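**Student:** A structural model of the following input is requested.
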Amino acid sequence: MHIIRLKHPWNKLAANAMEPSRVNVPEIAIHDDATEEPIPQATYTRFFNCPSGLDQDSKVLLSIGGWQGRLESILLNGEPLEHGNARAEFDITSRLSRRNELAITLASETNTECRLSGEVTLVIDAQVD
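**Tutor:** Reported below is the predicted structural model:
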């Protein structure tokens, strides 16, 4: 098994922003001041290349270690990944391209900041289930 951490660079486009900001994931809390309004929705995007050395028995899983808020959508190369709000691991082997774009959209819940609070990783396993 091999793990690739997708720490940076991520672009975060908040619903109330004109331009995305560059962030690292996991992202630390931004608004500690209770007087500031939390971001109502944000989309995190990142490009990554297809892992090298994959063979016919390789399996690539996308794992999202945690988030704050409601998980609205996960897109890989513009195609949605089916998810429940608690599911955080996806087999993306057959969806990989040479260059890939990952987009994760979160929405605020009950006046809390929405953010990717856990690691986002690619888990490469050479064993087939």
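**Student:** Considering only helices and strands, which part of this protein has the lowest mean pLDDT?
**Tutor:** When each helix and strand of the chain is scored by mean pLDDT, DSSP states H and E, strand 89-91 comes last, with a mean of 91.
**Student:** other SSEs contacting it?
**Tutor:** Counting contacts by 3 or more CB pairs under 8 Å, 6 or more residues apart in numbering; DSSP states H and E, strand 89-91 packs against strand 59-64. C-beta here means a position set from N, CA and C on the backbone, and glycine is covered the same way.
**Student:** and the helix or strand just after the strand it packs on, what does it pack onto?
**Tutor:** Per DSSP states H and E, the first helix or strand lying C-terminal to strand 59-64 is strand 70-76. Contacting strand 70-76 under the criterion 3+ CB pairs under 8 Å, 6+ apart are the following elements: strand 59-64, strand 99-107.
**Student:** quick one, which of those strands is nearest to Gly118?
**Tutor:** Gly118 lies closest, by CB to CB, to one member of the helices and strands packed on strand 70-76: strand 59-64, at 6.6 Å.
**Student:** For the residue positioned nearest the centre of the chain, give the beta-bridge partners.
**Tutor:** By CA atoms, centre = their mean, the chain has its centre lying nearest to Ile104, at 4.8 Å. Per DSSP bridges, the residues bridged to Ile104 are Tyr44, Ile74.
**Student:** where's it relative to Val25, distance?
**Tutor:** 9 Å (CB to CB, to the nearest Å).
**Student:** Need the residues touching each of those two.
**Tutor:** Tyr44, Leu116, Val120 (CB atoms under 8 Å, 6 or more residues apart in numbering).
**Student:** who touches the first one in this structure?
**Tutor:** Going by CB under 8 Å, 6+ apart, Tyr44 touches Trp10, Asn11, Lys12, Val23, Val25, Ala103, Ile104, Thr105, Leu106, Leu116.
**Student:** ditto for the last one
**Tutor:** Taking CB under 8 Å, 6+ apart as the definition of contact, the neighbours of Val120 are Arg5, Leu6, Val25, Arg46, Leu62, Ser63, Ile64, Gly65, Leu102, Ile104.
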